[in-house]
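J.: sequence? don't have it. structure:
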């Protein structure tokens, strides 16, 4: 009997080594001379195809358990199970949505070892790029790379078909902060929504992320000392600790930010505490706390349930009503940084610390916009310093 063929009882099996593993598959029928001969021919063909790089497990053994656990969909499921425990719920929803919308429908039924670089390149160029922004395409490619990492941990000698795939991005948009004139217009309007105006003023002059501002509680505020501590954020109604450990920070408030809190105190400082759960950085541990949220929605008299609620219910229509060109509410953070930078007198380390950034490089990259009409007369300062 040829190598690669064995008889067990009244059954015939072929065996061969594929991707570093010894594989055994049963042949249909009994151990008749004809079936043994057929098995010898099959194993010879399989070994030839493996050497030639054309072997397809699914073509020869479509009902094999190996085939069913070798689909990319199987590895998508494994990857999602891992990510479910690694990510916050909001982040996991984003990952799962991209996987289920773009990756699984096209590749889920394919055998992972049969997907090559050219297949993926064609998919990217003909399916993704014409319909999606390049940034989204890059995010999808990042996810499929992660899925193939999982596949390759189980198939040590497998190739990585995502290697070399790249999608260029345009130069990032520069920060587009509000000017001092626009700030005045934003804070002067909507007297019927004073709580939202107080929130806008606080964000512009304290620089928090929107998710940090709407989850700020009076337990985090010290009006006498003029400080607040950002210790949590809120995304789609889910509370969690801040983005990074550096983001959990105590901030000294500029006068307008402190005034915004003082004006807001009459609305919510004596409100009844609300019980919430805050997810810790491991995305599993949840700590129950009772807090009195600083900023409420005027129409519901309760804390904002999401940044989208603030955007649609107040921010967008408010900017339109006061004649200010639309930029998202997170632009208040850009404005805070740019206003500080425009003075030319604030150390970058101090700005980075106030905003919860890990380095001054991030300040320059994201917020280093000088507002010409609000900035100092640099030429005059230089002439004075140089005695010209």
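T.: That came through fine. Computed from a predicted model, the values in this text were never measured in an experiment. Numbers count the residues shown, from 1 in each chain.
J.: CA only for contacts and neighbour counts going forward, please
T.: Fine.
J.: could you show me where the helices are in the stretch 101-250 of the chain, in order?
T.: According to DSSP state H, counting those that start in this stretch, the stretch 101-250 of the chain carries its helices in the segments 104-107, 117-123, 134-154, 180-188, 194-206, 210-213.
J.: Could you spell out which stretches of the chain belong to which domain?
T.: Following automatic domain parsing, one finds the domains of the chain at 5-61, 72-154, 180-327.
J.: Quickly, which of those bottoms out on average pLDDT?
T.: Lowest mean pLDDT within these: domain 5-61, at a mean of 87.
J.: how distant is that domain from the center of its chain?
T.: Computed by C-alpha atoms, centre = their mean, to the nearest Å, the chain-centroid distance of domain 5-61 equals 46 Å.
J.: got it, and stretch 322-329?
T.: 25 Å.
J.: buried set for that stretch?
T.: In terms of neighbour count (16 or more other C-alpha atoms under 10 Å), stretch 322-329 has its buried residues at 322, 324, 329.
J.: Any idea which residue is closest to the centre of the chain?
T.: residue 91 (5.5 Å; C-alpha atoms, centre = their mean).
J.: Double-check that it belongs to a helix.
T.: Yes: Residue 91 forms part of a helix when assessed by DSSP: H, G, I helix; E, B strand; the rest coil.
J.: quick one on the thing from earlier: between the helices of the stretch 101-250 of the chain, which gets nearest to residue 15?
T.: Ranking the helices of the stretch 101-250 of the chain by proximity to residue 15 (C-alpha to C-alpha) places helix 134-154 first, at 19.5 Å.
J.: centre of the chain versus that closest one, how much separation?
T.: Computed by C-alpha atoms, centre = their mean, the separation of helix 134-154 from the middle of its chain amounts to 14 Å.
J.: Which strands or helices does it pack on?
T.: helix 72-86 (3 or more C-alpha pairs under 8 Å, 6 or more residues apart in numbering; DSSP states H and E).
J.: show me the contacts for residue 217.
T.: Contacts for residue 217 (C-alpha atoms under 8 Å, 6 or more residues apart in numbering) come out as 291, 292, 293, 294.
J.: same thing but at 10 Å, please
T.: By C-alpha atoms under 10 Å, 6 or more residues apart in numbering, the contact list for residue 217 reads 228-232, 268-269, 273, 290-295, 303.
J.: ok, so of those residues, who is nearest residue 127?
T.: Closest to residue 127, out of all of the contacts of residue 217 and judged by C-alpha to C-alpha, is residue 232, at 39.2 Å.
J.: coming back round to it: just the buried residues of stretch 322-329 now: which is nearest residue 147?
T.: For these, the nearest to residue 147 is residue 329 (34.7 Å; C-alpha to C-alpha).
J.: how close does that closest one sit to residue 251?
T.: According to C-alpha to C-alpha, to the nearest Å, residue 329 stands 20 Å off from residue 251.
J.: Same check on residue 197?
T.: Distance from residue 197 to residue 251, by C-alpha to C-alpha: 21 Å.
J.: Neighbour count for these two, which is higher?
T.: Each of residue 197 and residue 251 has its neighbours counted (other C-alpha atoms under 10 Å); residue 197 has more, 22 against 19.
J.: Surely that one touches residue 318?
T.: Yes: using C-alpha atoms under 10 Å, residue 197 makes contact with residue 318 at a distance of 9.5 Å.
J.: Count the residues that sit near residue 268.
T.: Residue 268 has 19 neighbours, counted by other C-alpha under 10 Å.
J.: Now it. Nearest residue, chain neighbours left out?
T.: Distances taken as C-alpha to C-alpha, 6 or more residues apart in numbering place residue 294 nearest to residue 268, at 5.9 Å, with adjacent residues excluded.
J.: Quick one: residues contacting the one you found.
T.: For residue 294, the contacting residues are 195, 199, 213-221, 261, 264-265, 267-271, 302-303, by C-alpha under 10 Å, 6+ apart.
J.: Now with 8 Å, please.
T.: Contacts for residue 294 (C-alpha under 8 Å, 6+ apart) come out as 214, 215, 216, 217, 218, 261, 264, 265, 268, 269, 303.
J.: cool, and residue 158?
T.: Residue 158 sits next to 19, 113, 152 when contact means C-alpha under 8 Å, 6+ apart.
J.: and with 7 Å instead?
T.: 19, 152 (C-alpha atoms under 7 Å, 6 or more residues apart in numbering).
J.: ok so, going back, mind putting the domains of the chain in TSV, distance to residue 340 included?
T.: Shown next, in TSV, are these (distance: least, C-alpha to C-alpha, whole Å):
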stretch	distance to residue 340
domain 5-61	59
domain 72-154	30
domain 180-327	9
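J.: ok, residue 236 - how many residues close by?
T.: 14.
J.: so it touches residue 306, yeah?
T.: Yes: in this structure residue 236 lies within contact range of residue 306 using C-alpha atoms under 7 Å: 4.9 Å.
J.: hang on, residue 324 in a strand?
T.: No: checked against three-state DSSP, residue 324 lies outside a strand; its state is coil.
J.: Run through the residues that contact it.
T.: Residue 324 sits next to residue 182 when contact means C-alpha under 7 Å, 6+ apart.
J.: 10 Å - rerun?
T.: If you count contacts by C-alpha under 10 Å, 6+ apart, then residue 324 has 178, 181, 182, 183, 185, 186, 316, 318 around it.
J.: Now do the contacts for the fourth one.
T.: Just to be clear, that refers to residue 183. 177, 200, 201, 204, 324, 332, 335.
J.: Any buried residues in stretch 106-121, and which?
T.: 107, 108, 110, 111, 112, 113, 114, 115, 117, 120, 121.
J.: count of residues packed around residue 20?
T.: When neighbours are counted by other C-alpha under 10 Å, residue 20 comes out with 11.
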